[in-house]
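Enquirer: got a predicted model here, sequence first, then my questions.
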Amino acid sequence: MKRVIFLLYGVIAYLAAFVSLVYAIGFVGNLVVPKTIDGLPQVPLINAILINASLLSIFALQHSIMARQGFKRWFTRVIPEELERSTYVLISGLLLMLIMWQWQPMGGVVWSVDNSIIKNILLIIYFIGWAILFLSSFLINHFDLFGLRQVWLFFKGKPYTHLKFRLPFLYKVVRHPLYFGMMLAFWSTSIMTISHLFFAILTTGYVLVGIQLEEKDLIKQFGEKYKQYKKKSPMLIPFTKKNTAG
């Protein structure tokens, strides 16, 4: 029964995160979903800035703190180790939902593209960014990243084994293709509003800071292998030299 409950918990956490990510495609791109990143302002500008900044800061802090090894060691004293990743994923998904639910449009247009060909190209790049994000997660093991592998192994009565260091496909040209895809999606828009620009700037800032913290953990985990990889491959922008990309 314990194994079944753990597996069910992992599946629910995965679905919460996956659904929030799929909704985010429509939210950021102003596509299909009922509420998107743009719209008519509902509160004064200063209030919108404070609310949106708080929402993004909470999300960034949760990601940064819960992903650190020191926090994980403490956290697994409170919850079973098999549920640590699923709990991280569940909270991330719920916080992403909170951002999209409580996001306050701020109005104003920074740039607007009227040419239909360029608009379509930007839309294609937008979807390419999301495709890179999802593909990158599968290249390194999507189900481990989202906590399903951990609860599945526990369900099967097998011990968890850490993933080995490897460089599949996109990881040969850039160290963080998942973040590259995210940035590509967040900045590719034919209508850049103040709301969208605010979102893109803050998330980009979080990514740049988060990468530094993540790479410290990766060096501790993989040692010299990751140090050599870091020397040879750009951080965020594919096909650039290290001294210009990280």
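Expert: The structure has been received and is ready for your questions. The structure displayed is predicted, hence computed values, not measured ones.

Enquirer: rest of the way, CA atoms for contacts and neighbours
Expert: Fine.

Enquirer: any idea which helix or strand in this structure has the lowest mean pLDDT?
Expert: Counting by mean pLDDT, DSSP states H and E, the weakest-scoring helix or strand in the chain turns out to be helix 242-245, with a mean of 45.

Enquirer: which residues in this structure form helices?
Expert: Assigned by DSSP state H, the chain shows helices spanning 2-29, 45-66, 69-75, 84-102, 116-140, 142-145, 148-155, 177-187, 194-222, 224-232, 242-245.

Enquirer: helix 177-187 and the fifth one, what's the angle between them?
Expert: It refers to helix 116-140. 160 degrees (axes from the mean of the first three to the mean of the last three CA atoms, to 10 degrees).

Enquirer: list the buried residues for helix 116-140?
Expert: 119, 122-123, 125-130, 132-137, 140 (16 or more other CA atoms under 10 Å).

Enquirer: so which elements touch it?
Expert: helix 177-187 (3 or more CA pairs under 8 Å, 6 or more residues apart in numbering; DSSP states H and E).

Enquirer: now do the helix it packs on: everything it contacts.
Expert: Outside helix 177-187, the residues within contact range by CA atoms under 8 Å, 6 or more residues apart in numbering are 28, 125-137, 170-171, 197, 200, 204, 207, 236-237.

Enquirer: run the chain-centre distance for that helix.
Expert: 9 Å (CA atoms, centre = their mean, to the nearest Å).

Enquirer: can you state the direction angle for that helix and helix 2-29?
Expert: Using the same axes, to 10 degrees: helix 177-187 against helix 2-29 is 40 degrees.

Enquirer: so what's Phe239 scoring on pLDDT?
Expert: On the pLDDT scale, Phe239 is placed at 84.

Enquirer: what's near enough to touch the residue lying closest to it once chain neighbours are set aside?
Expert: Nearest residue to Phe239 in three dimensions, chain neighbours excluded: Val173, at 6.2 Å (CA to CA, 6 or more residues apart in numbering). Val173 is in contact with Ser233, Pro234, Pro238, Phe239, counting by CA under 8 Å, 6+ apart.

Enquirer: could those be laid out in CSV, adding neighbour count and distance to Leu145?
Expert: Below are the contacts of Val173 laid out as CSV (neighbours: other CA atoms under 10 Å; distance: CA to CA, whole Å):
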residue, neighbour count, distance to Leu145
Ser233, 23, 22
Pro234, 23, 22
Pro238, 19, 22
Phe239, 13, 26
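
Enquirer: so how far is Asn120 from Pro34?
Expert: Here Pro34 is placed at a distance of 22 Å from Asn120 (CA to CA, to the nearest Å).

Enquirer: below-threshold pLDDT in the chain: ranges please.
Expert: 241-246 (pLDDT under 70).

Enquirer: any idea how far the nearest residue to Ile58 once chain neighbours are set aside lies from Leu61?
Expert: Leaving aside its sequence neighbours, Ile58 sits nearest to Leu95 (CA to CA, 6+ apart; 8.0 Å). Note on Leu95: its distance to Leu61, by CA to CA, is 11 Å.

Enquirer: looking at the two, which one has more neighbours?
Expert: Taking other CA atoms under 10 Å, Leu95 and Leu61 do not tie; Leu95 has more neighbours (20 against 13).
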